[in-house]
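Next come a sequence and a model predicted from it.
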Amino acid sequence: MTLLNKLKFIFIFFLYTLVIKPQNRANKLIKIPSIISDNMVLQQNSNVPIWGMAMPNENVVVKAGWGSSAKTKVQPDSIWKVNIKTIKAGGPYQLTVTIGDSVINYKDVMLGEVWFCSGQSNMQIPLEGWPPEYPIKNSSKEIRNANYPNIRLFSVGRVLSVVAKFNCAGKWKRCTSISASKFSAVAYFFGKKLYQELHVPIGLICSAWGGTKIQPWISGKYLKELPEYKEVVEKINRNKRKFENLEAWIHTHKVVEIQKNILRHRWDNLNFNDSKCSQKNYNDDNWKSMKLPAHWSSSLGEFYGAVWFRKKIKIPQKWENLKLVLQLGNITNFNETWINGVKVGEHYGKGFYDIPKNITKDTTLTVTVRVIANGRGGGISGSKEGMKIYPKGNKIEGIPLSGEWKYQPVAEYNGSKFYLYGPNGEFYNRPKVPFQIYQDTPTAIFNGMVAPIIPYRIKGVIWYQGESNSHKPKDYENYKYLFPLLIKNWRNDWQEGNFPFYWVQIAPFNYRNKAKSYVIRNAQRQTLSVANTGMAVTLDIGSVNKIHPPDKQDVGLRLALWALDKNYGRHITFSGPLYNSMKVEKDKAIISFKYADGGLVIKPIDGKTNFIIAGRDSSFVNAKVKVSGTKLIVYNLKIKHPLAVRYAWSDADRATLFNKAGLPASTFRTDSWKP
């Protein structure tokens, strides 16, 4: 190399170290939340926030294909945000974000109506349902016809956190048969109705987690306004650093993504690199022991992830080369099971497998089960009698499998990802925290699954939750305070004023315990006193034997009716009768209703109206009812001085009162006595 060439090389290398490397470092610091991405829908005719993180003092310029632009500088805390003006619905457009020398182009951006859809399992359950136990009505036909490229879907990945997250797992998708099948059925039917009526792009953001109470959906700032939750919020705040350290440690481990797994069961074919655990002679001497059946929380706390269980058993010699049946009972949630290293099956919720005779070649069998749970109560947790192995067709000679099993946690589920620990005990190096965070921990879901979406501009919210607050007095008695508090919390944090907030009143269901879901239904009705709210009543379309009723079409439609009338100028009937007032005339109670235009209709069920009435002794008895125009006359000939009326005041009571549009009345009570 000549001297001149050497000098050129040195000069170029010098420029690289000064310019290129710092630029690469800056690029790595650029973070934009996943809710801002290709295929997104931005709220039309609005000022929409676009935000992210980058090196402090960098220049940020945002330009939109519809002609708007905005610029700012990154703040000292690395956060930047601009508001960019949108025009009327349309698209597709391109949105360009320039940060320093880095340019990010977002394609296929639409302008339209954006709704945030949240709650527990009845909001979460997808269009394909959870068959066979929980199907969705007309699911196959609906999925086949779900081709709406201008409806865009975003599912927020499930994650718990004690601090407000900047980002979440998820991405915007066009509505196709594939994407819709995995998306919230209620949200889909709501969005579909809006699209068919408005003919503008619709963006649906679903953030839902089955089996959750309302408390984890409220931020600590607001939840501590209620005195009985102040202590737990302060406890969480005191220990934030410890939980942040734990999360940082978890994230040092190898990741297995599940979003790309499009199989019906997303736990299928997950490779945790631990297949040796299923082998007959695998050395599990260093594994700990657990007595089964049991939820693993007794040994592991509220651990979400994958755990291996192993047990060696001796079978009688006469069982060799026979077909056997392995029965493990209830398993939460998904399990894959092996005998002597041979996989005998997989199941969601239960363990019941035939063992072919080619596996039973000797009298020592090693039963190995890998259980994956992404919620509370993971483990093999049925009855002792439900765990046994026996010759096919001969349960009498069964060998019990309850008792001591070896176990090893091998992967942790966190933020819609699995972090791999492996079978050698890495789990036990996990940093200690003073208490476990689980799906009912107050504030934990707000921080992980709502905060990352704020301040993305939305038109409003639809909400379906309440079943999990129906069981304990603290939960159902406080719901009348908690629910309005959640609405206040979200509206204040979004800083969009009193945006529309519509919810589903939970459906009738035979809980078979001390639940008081009717108290939740009444609290939901009372929350209508909050400005710009609405409620879809489901007393007529529930299923008293299914906590997840299959009719989600009407649920989505009834939510859409509120939006179409209140927000989009359609003058339609959007609600069934809502209790307004009661007056007493002699021995009869006269009930007045809102939204009873056109008159009232009574449809008794098995001769019952589901109205009860009480007099001075506060003892309720079945009532008779008569329709008088838009009023209802309620009475019982034995009650001479009626003081209170209640309607649909039990867990499983179904609708008997409707308006002429066919929409049902809500559960209500006229008194404030103890339930």
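On my side now, so go ahead.

got any ranges where this structure has weak pLDDT?
Low-confidence segments of the chain (pLDDT under 70): 1-28, 259-269, 675.

what about the helices in it?
Counting by DSSP state H, one finds helices in the chain at the ranges 3-15, 21-29, 121-124, 139-144, 177-181, 185-198, 220-223, 227-238, 240-250, 297-300, 444-445, 473-494, 517-526, 553-566.

residues touching residue 274, list them.
Contacts for residue 274 (C-beta atoms under 8 Å, 6 or more residues apart in numbering) come out as 308, 370, 410-411, 422-423. Bear in mind the C-beta positions are built from the backbone N, C-alpha and C, glycine included.

now for those residues, which pair is the farthest apart?
Using C-beta to C-beta, the contacts of residue 274 span at most 13.0 Å, a distance reached by 370 and 422.

Mutual contacts of those two, please.
Listed as contacting both residue 370 and residue 422 by C-beta under 8 Å, 6+ apart are 272, 274, 410.

list the contacts for the closest residue to the first one other than its chain neighbours?
Distances taken as C-beta to C-beta, 6 or more residues apart in numbering place residue 411 nearest to residue 272, at 5.1 Å, with adjacent residues excluded. Shown here is residue 411, whose contacts under the criterion C-beta under 8 Å, 6+ apart are 256, 272, 274, 305-306, 418-421.

try it again with 10 Å
Contacts for residue 411 were tallied using C-beta atoms under 10 Å, 6 or more residues apart in numbering; they are 253-256, 270, 272-274, 304-308, 370, 372, 417-422, 427.

Could you do residue 166 as well?
By C-beta under 10 Å, 6+ apart, the contact set of residue 166 is 31-33, 51-53, 79, 451-452.

Relative to residue 339, which of those is nearest.
Residue 339 lies nearest to residue 452 out of the contacts of residue 166, by C-beta to C-beta, at 43.7 Å.

Can you report phi and psi for the residue lying closest to that closest one once chain neighbours are set aside?
Spatially, and ignoring its direct neighbours in sequence, residue 452 is nearest to residue 168 (3.9 Å; C-beta to C-beta, 6+ apart). Per-residue torsions, residue 168: phi -140, psi 160 (degrees, to the nearest 10).

Ranking by neighbours, what's the top pick from the contacts of residue 274?
Neighbour counts for the contacts of residue 274 peak at residue 411, which has 27 neighbours (criterion: other C-beta atoms under 10 Å).

partner residues bridging it?
For residue 411, the beta-bridge partners are residue 306, residue 420 (DSSP bridges).

Residue 320 - how many residues pack around it?
Counted by other C-beta under 10 Å, the residues lying close to residue 320 total 12.

Ok, residue 178 next?
Residue 178 has 13 neighbouring residues, counting by other C-beta under 10 Å.

cool, residue 145 as well?
Residue 145 is flanked by 12 other residues according to other C-beta under 10 Å.

Please list all residues in contact with the closest residue to it other than its chain neighbours.
In space, and not counting its chain neighbours, residue 145 is closest to residue 177: 7.9 Å by C-beta to C-beta, 6+ apart. Neighbouring residues of residue 177 by C-beta under 10 Å, 6+ apart: 127-128, 142-147.

Tabulate these (TSV), appending distance to residue 564.
Converted to TSV, the contacts of residue 177 look like this (distance: C-beta to C-beta, whole Å):
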residue	distance to residue 564
127	21
128	27
142	20
143	24
144	26
145	21
146	21
147	22
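
now, which of the residues you listed sits nearest residue 522?
residue 127 (30.6 Å).

count of neighbours near the closest residue to that closest one other than its chain neighbours?
Sequence neighbours aside, residue 185 is the residue nearest to residue 127 in space, at 4.6 Å (criterion: C-beta to C-beta, 6+ apart). Close neighbours of residue 185, defined as other C-beta under 10 Å, add up to 28.

How much space separates residue 185 from residue 599?
33 Å (C-beta to C-beta, to the nearest Å).

Residue 518 now?
Taking C-beta to C-beta as the measure, residue 518 falls 26 Å from residue 599.

for residue 450, same thing?
Taking C-beta to C-beta as the measure, residue 450 and residue 599 are separated by 42 Å.

Then residue 328?
Using C-beta to C-beta, residue 328 is found at 57 Å from residue 599.

Please identify which of these two sits among more neighbours.
Set residue 328 next to residue 599 and count neighbours by other C-beta under 10 Å: residue 328 wins out with 26 against 14.

Touching, the more buried one and residue 351? I think so.
Yes: Residue 328 is in contact with residue 351 according to C-beta atoms under 10 Å; the separation is 3.0 Å.

Identify the contacts common to these two.
What both residue 328 and residue 351 touch, as defined by C-beta under 10 Å, 6+ apart, is the set 335, 337, 367, 369, 371, 380, 382, 386-387, 401.

Most neighbours of all these, which one?
When neighbours are taken as other C-beta under 10 Å, the top entry among the shared contacts of residue 328 and residue 351 is residue 380 (27 neighbours).

That one against residue 330, yeah?
Yes: applying C-beta under 10 Å as the test, residue 380 and residue 330 come out as touching, 7.5 Å apart.

Residues that sit against both of the two, list them.
Residues touching both residue 380 and residue 330 by C-beta under 10 Å, 6+ apart: 293, 351, 386-387.

Out of these, the closest to residue 629 would be?
Nearest to residue 629, judged by C-beta to C-beta, of these is residue 386 at 58.1 Å.

Can you tell me how far the closest one is from residue 57?
64 Å.

and if you look at residue 295?
52 Å.
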